[in-house]
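1. Pasting a predicted model and its sequence here:
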Amino acid sequence: MFAARRALTGAVQRRAFTASARDLSKVTVLGAAGGIGQPLSLLLKLNPRVTDLALYDIRGGPGVAADISHINTKSKVTGYDPTPTGLASALKGAEIVLIPAGVPRKPGMTRDDLFNTNASIVRDLAKAAAESAPDANILVISNPVNSTVPIVAEIFKAKGVYNPKRLFGVTTLDVVRASRFVSELKNTDPVDENITVIGGHSGVTIVPLFSQSSHPDLVGDATLLNRVQFGGDEVVKAKDGAGSATLSMAMAGARFAESLLKAAQGEKGVVEPTFVDSPLYKDQGIDFFASKVELGPNGVEKIHDVGKLSGEEQKLLDACLADLKKVNISKGVAFVAENPGK
Ligand SMILES: NC(=O)C1=CN([C@@H]2O[C@H](COP(=O)(O)OP(=O)(O)OC[C@H]3O[C@@H](n4cnc5c(N)ncnc54)[C@H](O)[C@@H]3O)[C@@H](O)[C@H]2O)C=CC1
Ligand SMILES: O=C([O-])CC(=O)C(=O)O
């Protein structure tokens, strides 16, 4: 009994040692001084899985880094100057690159209205990442996600370093919102509400699957559906010109990064819905799609199909696919073809 316990303790210690020796995780935030970037960087500083936190922005990166670096957790925090060299150094050796750089919406705008400004920002940052961190997991937060993710893919392809298993559009906020809104309706703890959200990250492309949750009766609740699909608009309206969701998004981005780090460090069965290069609807000309994705040491481990849908959910999915196909994805691809940048 004692011997068995000692053997177990030894195994745990060995595992802990192996884990700490192997798991040096540099995480880079591009857009770190922004509304999302600052609280996201704060949450990453509190995550013991992150050993090296690199903060870059076109303004204010070093200041945010100096502030966060005083927090008494072990990770090293570095802020980088807004120069090509600063950007390259911020990226070098990164395991995860989170990109919340770009402008947010104002009331009356759609996410697609951000395309003209954010497409070139994401393109240029993707170029830098392809050059300095070609093997990193790239987590795209900048909107419109349905178009900015294809932009990153095109840039990585052009540089000959595209790995579809390492590119993610962060749709976690839709999942976070869905579980919170359901918990409010059902008077439950949101931690227990695991709602799958598929499709993309804007309006009708956001498709929550309540039929697969423990509350199938919520299918057909038009108010709830509208809140999940247009939760972002709720925040944009309430902030009244001062931007869009930042704090909840920071939490969602930190959660997704934590899931990737867990999976990279050997935890099995880590599953998150995310917008990835997906085989599910390629036959319909749709190259990217969010569904449940099992994460692993190589990024995407397994892409789950959407499972059984109710008739109403199938109609929502049809509308989502039409939108993804008609505008979102091809717009990103065409942008890079027509504006390859320097
Ligand atoms: N995926 C999602 O679920 C969500 C996405 N978003 C999107 O995230 C983006 C950022 O939103 P906020 O943080 O609220 O905006 P913000 O304006 O507060 O911050 C953006 C930051 O990006 C920086 N930036 C701009 N160009 C840059 C470049 N070339 N390199 C590095 N940094 C650069 C700015 O200096 C600024 O600090 C927006 O596009 C917004 O729509 C927002 C909420 C949820
Ligand atoms: O609504 C926006 O513009 C920001 C966003 O993506 C969200 O909050 O889901």
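-> That came through fine. Numbering: from 1, shown residues only. Ligands and ions are numbered 1, 2, ... in the order given.

2. so what's the residue of the stretch 1-150 of the chain found nearest ligand 1 closest to, chain neighbours aside?
-> Nearest residue of the stretch 1-150 of the chain to ligand 1 (C-beta to the nearest ligand atom) works out as Gly34 at 2.1 Å. In short, each C-beta sits where N, CA and C put it, glycine included. Excluding the flanking residues, the one nearest Gly34 by C-beta to C-beta, 6 or more residues apart in numbering is Pro100, at 6.0 Å.

3. can you check Glu95 too?
-> Per C-beta to C-beta, 6+ apart, closest to Glu95 is Ser25, 4.9 Å.

4. Now the one you found: phi and psi?
-> Main-chain torsions, Ser25, degrees, to the nearest 10: phi -120, psi 110.

5. burial measure for it, as a count.
-> 22 (other C-beta atoms under 10 Å).

6. which residues sit in contact with it?
-> 49-52, 95-96, 261, 264 (C-beta atoms under 8 Å, 6 or more residues apart in numbering).

7. Mind pulling the model confidence for it?
-> pLDDT for Ser25: 96.

8. Among the contacts of Ser25, which ones are in strands?
-> Judged by DSSP state E, the contacts of Ser25 include 52, 96 as members of strands.

9. Let's see if you can find the most crowded of the contacts of Ser25.
-> Val50 (27 neighbours).

10. for ligand 2, what are the nearby residues on the stretch 151-300 of the chain?
-> Within the stretch 151-300 of the chain, the positions adjacent to ligand 2 are 173, 232, 235-236, 244-245 by C-beta under 6 Å from any ligand atom.

11. hmm, back to that, quick check: the gap between the residue of the stretch 1-150 of the chain closest to ligand 1 and Gly241.
-> According to C-beta to C-beta, to the nearest Å, Gly34 and Gly241 sit 16 Å apart.

12. which one of these two has more residues nearby?
-> With neighbours defined as other C-beta under 10 Å, Gly34 and Gly241 compare such that Gly34 has more, 27 against 10.

13. I'd guess the more buried one is in a helix, am I close?
-> No - counting by DSSP: H, G, I helix; E, B strand; the rest coil, Gly34 falls outside a helix, being coil.

14. which ones are touching the most centrally placed residue in the chain?
-> Geometric centre of the chain, nearest residue: Val170, 2.3 Å, by C-alpha atoms, centre = their mean. Residues near Val170 by C-beta under 8 Å, 6+ apart: 98, 139-141, 145, 201, 252-253, 256, 274-275.

15. What pLDDT is listed against the residue of the stretch 101-250 of the chain found nearest ligand 2?
-> Of all residues in the stretch 101-250 of the chain, Gly232 sits closest to ligand 2, at 2.2 Å by C-beta to the nearest ligand atom. Residue-level confidence at Gly232 comes out at 98, pLDDT.

16. What parts of this protein come near ligand 1?
-> 30-31, 33-37, 56-59, 100-105, 114, 118, 121, 124-125, 141-143, 145, 170, 173, 201, 243-246, 249.

17. now those residues: which count as buried?
-> In terms of neighbour count (16 or more other C-beta atoms under 10 Å), the buried residues within the residues of the chain next to ligand 1 are 30-31, 33-37, 56-57, 100-105, 114, 118, 121, 124-125, 141-143, 145, 170, 173, 201, 243-246, 249.

18. before we move on, back to that, quick check: the residue nearest to Glu95 vs ligand 2, distance?
-> Distance, Ser25 to ligand 2, using C-beta to the nearest ligand atom, to the nearest Å: 26 Å.

19. do the same with Pro273
-> In terms of C-beta to the nearest ligand atom, Pro273 sits 14 Å off from ligand 2.

20. May I ask you to confirm that that residue is in contact with Ala290?
-> Yes - with contact defined as C-beta atoms under 8 Å, Pro273 reaches Ala290; the gap is 5.4 Å.

21. In terms of packing, which of these two has more residues around it?
-> Set side by side, Pro273 and Ala290 show more neighbours around Ala290, with 35 against 23, by other C-beta under 10 Å.

22. Secondary structure class of the more buried one, three-state.
-> Under three-state DSSP, Ala290 falls in the strand class.

23. ditto for the one 3 residues further on
-> At Val293, secondary structure determined by three-state DSSP is strand.

24. Which pLDDT value goes with it?
-> With respect to pLDDT, Val293 scores 98.

25. In this structure it contacts Phe275, no?
-> No - with contact defined as C-beta under 8 Å, Val293 does not reach Phe275; the gap is 9.3 Å.

26. which of these two has more neighbours?
-> Phe275 (30 against 23).

27. what pairs with the more buried one across the strands?
-> When bridges are called by DSSP bridges, Phe275 pairs up with Gly169, Ala290.

28. which residues touch it?
-> Phe275 neighbours (C-beta under 8 Å, 6+ apart): 145-146, 149, 168-171, 200-201, 288-290.

29. will you turn those into CSV that also has distance to Ala90 and pLDDT?
-> Output for the contacts of Phe275, formatted as CSV (distance: C-beta to C-beta, whole Å; pLDDT from 0 to 100):
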residue, distance to Ala90, pLDDT
Val145, 22, 98
Asn146, 26, 97
Val149, 21, 98
Phe168, 19, 98
Gly169, 21, 98
Val170, 19, 98
Thr171, 25, 98
Gly200, 28, 98
His201, 25, 98
Phe288, 26, 97
Phe289, 30, 98
Ala290, 28, 98
